[in-house]
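Chemist: next comes the sequence, and after it the predicted model I'd like to discuss.
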Amino acid sequence: MTRIKNAIAINASATNAAGSNAVIAMLAIFAAVLLCASFSLYQEASKALQAKQWPTVQGTVISSRVAHRCRGGNFLVSIHYAYKVEGRSYTNDKFVFGPTCLPENEARAMVDQFPVGDVKVWFNPQNPEIAALMVGSVLDRTWSSIYTTSCVAIFLLIVAGYLYRSTRLK
């Protein structure tokens, strides 16, 4: 009977360790995903600042509308525009660097800012297919998203480290 109890205790201990390792791994993976998302948003913000130095051309907004609902009850802003660089025509829908799903009032304000008609287009001189209508800044929510995702990721890594350390001390 004692052997059975010892075997059950050993099995339970191994199961708890395996469960803890799985939780630690999940926390670390989720933190890595959040850090990648944060880095991606940071790159978009950096592009917006770099784009201030890009040359501009006159373009035309072809369509400007609040397209549909996206995650979290926000709305996708869809602005399509055309422009020419050195005689070659381009079309684009990248009007701002960063996320374009916004609360309804902000989405409608963005559409009102870019009505159908003439518009100033900033384009990348090395690759004119890359262009935007808003440069030099990003939407405030981009910076808050970078901050929030980074903080949550760091917190998750701290928790994972604490759990890892506590399971190794047993």
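Modeler: Yep, that arrived. Residues are numbered from 1 along each chain as shown.

Chemist: and the next helix or strand past the helix or strand bottoming out on mean pLDDT in the chain?
Modeler: Lowest by mean pLDDT, DSSP states H and E among the helices and strands of the chain is helix 2-50, with a mean of 67. Beyond helix 2-50 on the C-terminal side, the first helix or strand identified by DSSP states H and E is strand 56-69.

Chemist: ok, and what's touching the helix or strand just after that next one?
Modeler: The helix or strand immediately downstream of strand 56-69 is strand 75-85, counting by DSSP H and E. With contact meaning Cβ atoms under 8 Å, 6 or more residues apart in numbering, strand 75-85 is reached by 57-70, 89-93, 95, 100-104, 107, 110-111, 114, 119, 121, 123, 128, 131, 133. Yep, even glycine has a C-beta here, placed from its N, CA and C like the rest.

Chemist: tell me the domain boundaries of this protein?
Modeler: 28-51+137-170, 55-134 (automatic domain parsing).

Chemist: what's the end-to-end length of the longest one?
Modeler: Chord length of domain 55-134, first to last residue, is 13 Å (Cα to Cα, to the nearest Å).

Chemist: starting at the chain centroid, how far to stretch 97-104?
Modeler: When distances are taken as Cα atoms, centre = their mean, to the nearest Å, stretch 97-104 is centred 11 Å away from the chain's centroid.

Chemist: got a markdown table for the domains of the chain, with distance to Asn21 and mean neighbour count too?
Modeler: Shown next, in a markdown table, are the domains of the chain (distance: least, Cβ to Cβ, whole Å; neighbours: other Cβ atoms under 10 Å):
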| stretch | distance to Asn21 | mean neighbour count |
| --- | --- | --- |
| domain 28-51+137-170 | 7 | 15 |
| domain 55-134 | 32 | 16 |
